[in-house]
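K.L.:
predicted model follows, preceded by the sequence.
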Amino acid sequence: MIGILIVAHGSLGEALIQCASHVVGARPPLLKQIGVSMHDNTDSLVSLAREQITQLDQGEGVLVLSDIYGATPCNLLCQLLIPGKIEGISGVNLPMLVRALQYRGEPLNTVVEKALSGGCDGVVHVTSEVCNVAAHG
């Protein structure tokens, strides 16, 4: 099973985990988060992230999700990457996380693809027409 680590500003990571837990019915295993604040030491955060990755990696890899590309959580993620073993995606949202959780029994590259598609497909301009389609299937 692929481990998942969320690195995000403040309490966003824990909030995403709580919401995903609600959607899937229980808190998923091998899912952790690191909340980043402006007062944190980047070197300490990298060390903490590496410790958590070690705990999350069951031999099949870890997906690290960050919130904003180019911000501190993503810059931290960039220091963790090991192609094929520790992969990263920036722009985490709830559909992305739920999709990653649903496919985490698959190889890491598949989980990355599914998470990306969940994140993109989960962003919808909601109009009356979209609501009518959703309501009437």
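P.N.:
On my side now, so go ahead. Numbers count the residues shown, from 1 in each chain.

K.L.:
surely residue 123 is within a strand?
P.N.:
No - assigned with DSSP: H, G, I helix; E, B strand; the rest coil, residue 123 falls outside any strand and is coil.

K.L.:
my read is that it contacts residue 94, right?
P.N.:
No - judged on C-beta atoms under 8 Å, residue 123 makes no contact with residue 94 at a distance of 10.8 Å. C-beta here means a position set from N, CA and C on the backbone, and glycine is covered the same way.

K.L.:
which one's more surrounded, the two?
P.N.:
Taking neighbours as other C-beta atoms under 10 Å, residue 123 and residue 94 compare with residue 94 leading, 16 against 10.

K.L.:
which residue is the nearest non-sequential neighbour of that one?
P.N.:
Take residue 94 and drop its neighbours on the chain: the residue closest to it by C-beta to C-beta, 6 or more residues apart in numbering is residue 19, 5.4 Å away.

K.L.:
shouldn't that neighbour be in contact with residue 95?
P.N.:
No - in this structure, residue 19 is not within contact of residue 95 by C-beta under 8 Å, at 10.5 Å.

K.L.:
who has more neighbours, these two?
P.N.:
In this view residue 19 and residue 95 are compared by other C-beta under 10 Å, and residue 95 has more residues nearby, 19 against 13.

K.L.:
check the gap between the closest residue to that one other than its chain neighbours and residue 100 for me.
P.N.:
The shortest distance from residue 95 to any non-neighbouring residue, by C-beta to C-beta, 6+ apart, is to residue 122 (2.5 Å). Here residue 122 is placed at a distance of 12 Å from residue 100 (C-beta to C-beta, to the nearest Å).

K.L.:
now the helices for this protein?
P.N.:
Remark: helices assigned in the chain by DSSP state H are 12-24, 42-56, 72-78, 94-102, 108-121, 128-136.

K.L.:
all good on my end, thank you.
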